[in-house]
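Asks: Please work out how this folds:
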Amino acid sequence: MHEKGVLYKEMAVIYTKHKTVENMVRYFSQKKVPINVKKRVNILYENEVIQLTNILEYLEGEYTRMHSNEDMLFEILHYNFLGLSALDIASISLFCNRKSENDITDKKMYPKWREVISDSEKLRQAGVRNIDSVLRVSGIIEDWIKAIANVTIQTLIEKILTEGNMLQTLLKDPDKSWKLLMVNTYFDFIKEEASKVKLFSLKQANSLIKLMKDSNIELPVYRIISNENGINFMTAYGSKGLEFEHVFMIRCTKKMWEGKAGQNDNYTLPPNLGEAVSIGNDEEDDRRLFYVAMTRAKEYLYISYPGAENSEKKTEPSKMIAEIKKSDVDILKVSLPEEDILAYKAELMKYKVGVPKLIDDEWVDNILKDYKVSATSLNKYLKCKLTFYFENILGVPKGRSASMGFGSAIHYALEHFFRDIEAAVPRSLGSFSKLSDFFIKGMDKYNSHFTTKEYENYSTHGNNILKEYYEEYSSTWLVPKKYEIEQEIKFTEYQGVPISGKLDRINFFDDHSVTVTDYKTGRYDSSKLKPPAGGDDDLGGDYWRQMVFYKLLLDGDKSHNWVMNKGIMEFLEKDKASGKYKNKEYAIAPFEIEIVGKQLVETYEGIKNHIFTPGCEDEKCQWCNFVMRNMPLKNIVSTGSDDEDTIQEFVVSVSEI
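Replies: The predicted structure follows:
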């Protein structure tokens, strides 16, 4: 269009949310096409502020309870301003994942990260190459922890910015003006909050930021990329009063353009108040907003919507399209050549791809020397190879969460309750109070996962769901003639692949049938329970694959002659929608064994060949985001990543309006 004489400044792209055009803005910026955009940014989710708040959260945790935030330290050590080698950090992770040779107890005594990075001898044992750099960073972190009791929150942040080399690094960045603006905005916010109270502690600052994130409260800054002769990118609201020769209204779907007029997506009104406000106004507001966007065009208007999302689920166009469409105007289906799509994706990959720095092949081989695939590791590798690498190869410590502790406590209660059934003479069913007692013992066992309030809430919740579960199913618990509880199969093989696993409960019946029960404390999720429906990208649900894996385990276990007739995914909480229990039973068919068997063999080959990339690129994936933030690659071309949307749109072209 520009080549035909249309000025860039006479073109406008109009949408409802800035996120819609992030990739387009990146693409045009990298191609040196002038653009004009003013974007509201929530800096709490920008990299530099995330790094700063992560450090503060880590320091608070270590000050309160030593070694409580080891999972955070792994990422923090990767921050580029600290100047450490990713390979040295990987070496430390491997060292800290080894059980102490001097440990003669049943407890797993692993070296602690904070102790290791401050000990030159342990760093040498870990194979760290630049020991002095690690010791330097350790000393800085220890000084920050000590400073918590001696300086204000503002001074602590200043120390992090200066002593940690963060400020100097930002000043050398090509985008230093923007990054310094974000850090200063955050710093000014903390100073303002501190001025409101007599004493504003690190704990209060961290709690405030967490509350803002949980409540979707922004700390906004407007980022302006301004070129008055460039293509204009703007929201429908921001376009009021402006006119352009060519206007492109994009992503005109029901999801994006309807119910957005109030821009109150982050807040939910009480039902009675919502009804009182107005039932019919939202639809009219949507129409007015759509009309505003349309009437920005002086001559040419282009309205488009994607035919499908990445999930291949068809999108529903906004009803306003049908309302404005004239009988003599056709909806044109537009498809771009494959090479153009690949070139677009490749250009975006230059901007955003990060590459993990993997440890040496010999080290990986040593780690995998006696490696056995479990159901969990199989699911993890299939979902995200990067996650598998960091958690299963490097053994990066994982933070304890209340939900994990709750699940472990529930499993503990059921394990000991059913063991008690087997141990009773004569064999008999215990009371609910016994099950409840076991649950409380489980909560105490895993109490480090909870805050005081979380412990109280989860204790009450757990007793409630176990009581309902007991009342629903306890009458059937003496039907099986025998149980095997937490049955561990340490080693067997499937087509040469070593596998292992632990089964929650195996049920044996008088008719010689054998079933396997697996407990689930989360909500019922049908997508995790389904076998593949077809298509190369459909691998089947994690829970379905887990149950097929258990079949492979029992079939391969030569120490017992057990034939699994059925698997049961037993959800311990009632479905919220129906108020009833929803469980899933599987009679594993040969074709399902063939599918999972193939996935297992290919996964094992991938692990043995050290194939730990690419990641899943899910925007919520911890380790994909970690690599993006801390291991950036400025120039890489890859066509293996899907764009946010299918680059194929249905276009309504209304000319000469």
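
Asks: Look at the residue of the chain most remote from its centre and tell me its secondary structure.
Replies: Most distant residue from the mean C-alpha position of the chain: Pro426, 48.8 Å away (Cα atoms, centre = their mean). Assigned with DSSP: H, G, I helix; E, B strand; the rest coil, Pro426 falls in the coil class.

Asks: can you tell me how far Trp257 sits from Thr20?
Replies: For Trp257, the distance to Thr20 equals 11 Å [Cβ to Cβ, to the nearest Å]. C-betas here are computed from N, CA, C, even on glycine.

Asks: between these two, what contacts are shared?
Replies: Arg251 (Cβ atoms under 8 Å, 6 or more residues apart in numbering).

Asks: is it true that Lys551 touches Ile588?
Replies: Yes. Lys551 is within contact range of Ile588, at 4.5 Å (criterion: Cβ atoms under 8 Å).

Asks: how far away is Glu486 from Ser559?
Replies: Distance from Glu486 to Ser559, by Cβ to Cβ: 16 Å.

Asks: Over to Ser335?
Replies: 58 Å.

Asks: Could you pull up the contacting residues of the closest residue to Tyr458 other than its chain neighbours?
Replies: Distances taken as Cβ to Cβ, 6 or more residues apart in numbering place Phe406 nearest to Tyr458, at 4.7 Å, with adjacent residues excluded. Under the criterion of Cβ under 8 Å, 6+ apart, the contact list for Phe406 reads His449, Tyr458, His461, Gly462, Thr521.

Asks: Just the buried residues out of those, in ChimeraX syntax.
Replies: In ChimeraX, this line selects whichever of the contacts of Phe406 come out buried by 16 or more other Cβ atoms under 10 Å:
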select :449,458,462,521
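
Asks: can you list the contacts of Phe406 in JSON lines and add secondary structure and distance to Leu87?
Replies: JSON lines is the format used below for these (DSSP: H, G, I helix; E, B strand; the rest coil; distance: Cβ to Cβ, whole Å):
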{"residue": "His449", "secondary structure": "helix", "distance to Leu87": "32"}
{"residue": "Tyr458", "secondary structure": "helix", "distance to Leu87": "40"}
{"residue": "His461", "secondary structure": "helix", "distance to Leu87": "44"}
{"residue": "Gly462", "secondary structure": "helix", "distance to Leu87": "43"}
{"residue": "Thr521", "secondary structure": "coil", "distance to Leu87": "38"}
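
Asks: can you tell me which two in the contacts of Phe406 are farthest apart?
Replies: His449 and His461 (14.1 Å; Cβ to Cβ).

Asks: In terms of helices and strands, where is Leu156?
Replies: helix 153-163 (DSSP states H and E).

Asks: which is the next helix or strand following that helix?
Replies: helix 166-171.

Asks: what's that following helix packed up against?
Replies: helix 47-64, helix 176-194 (3 or more Cβ pairs under 8 Å, 6 or more residues apart in numbering; DSSP states H and E).

Asks: which one of these is the most hemmed in?
Replies: Mean neighbour count (mean count of other Cβ atoms under 10 Å) peaks for helix 47-64 among those, with a mean of 20.

Asks: Show me the shaky parts of the stretch 551-657 of the chain.
Replies: Low-confidence segments of the stretch 551-657 of the chain (pLDDT under 70): 631-657.

Asks: could you pull out the strands for it?
Replies: Ranges of strands within the stretch 551-657 of the chain are 564-571, 584-586, 648-655, based on DSSP state E, counting those that start in this stretch.

Asks: quick one on the thing from earlier: and the residue farthest from the centre of the chain, backbone torsions?
Replies: With angles defined as degrees, to the nearest 10, Pro426 sits at phi -70, psi 160.

Asks: gap between it and Ser207?
Replies: 55 Å.

Asks: how about the helices in the stretch 351-500 of the chain?
Replies: 361-367, 375-383, 385-388, 402-423, 432-445, 452-473 (DSSP state H, counting those that start in this stretch).

Asks: which of those helices sits most buried?
Replies: helix 385-388 (a mean of 22).

Asks: What average pLDDT does it get?
Replies: For helix 385-388, mean pLDDT is 92.

Asks: again, but for stretch 239-252
Replies: Stretch 239-252 comes out at a mean pLDDT of 93.

Asks: Which pLDDT value belongs to the spatially closest residue to Met182 that is not a sequence neighbour?
Replies: Once flanking residues are discounted, Met182 sits nearest to Ile43: 4.5 Å by Cβ to Cβ, 6+ apart. With respect to pLDDT, Ile43 scores 92.

Asks: Would you quantify the distance from Ile43 to Leu332?
Replies: Ile43 is 41 Å from Leu332, by Cβ to Cβ.

Asks: Tell me how many other residues crowd the residue lying closest to Gly127 once chain neighbours are set aside.
Replies: Once flanking residues are discounted, Gly127 sits nearest to Ser91: 4.6 Å by Cβ to Cβ, 6+ apart. By other Cβ atoms under 10 Å, 22 other residues sit near Ser91.

Asks: Now do the same for Ser91: its pLDDT.
Replies: Taking Ser91 on its own, its pLDDT is 92.

Asks: Where does it sit, in terms of helix or strand?
Replies: Using DSSP H and E, Ser91 falls in helix 86-96.

Asks: So what touches the next helix or strand after that helix?
Replies: Next helix or strand after helix 86-96 toward the C-terminus (DSSP H and E): helix 113-116. By Cβ under 8 Å, 6+ apart, the surrounding residues in contact with helix 113-116 are 62, 66-67, 70, 73-74, 92, 95-96, 122-123, 126, 138, 141, 397.
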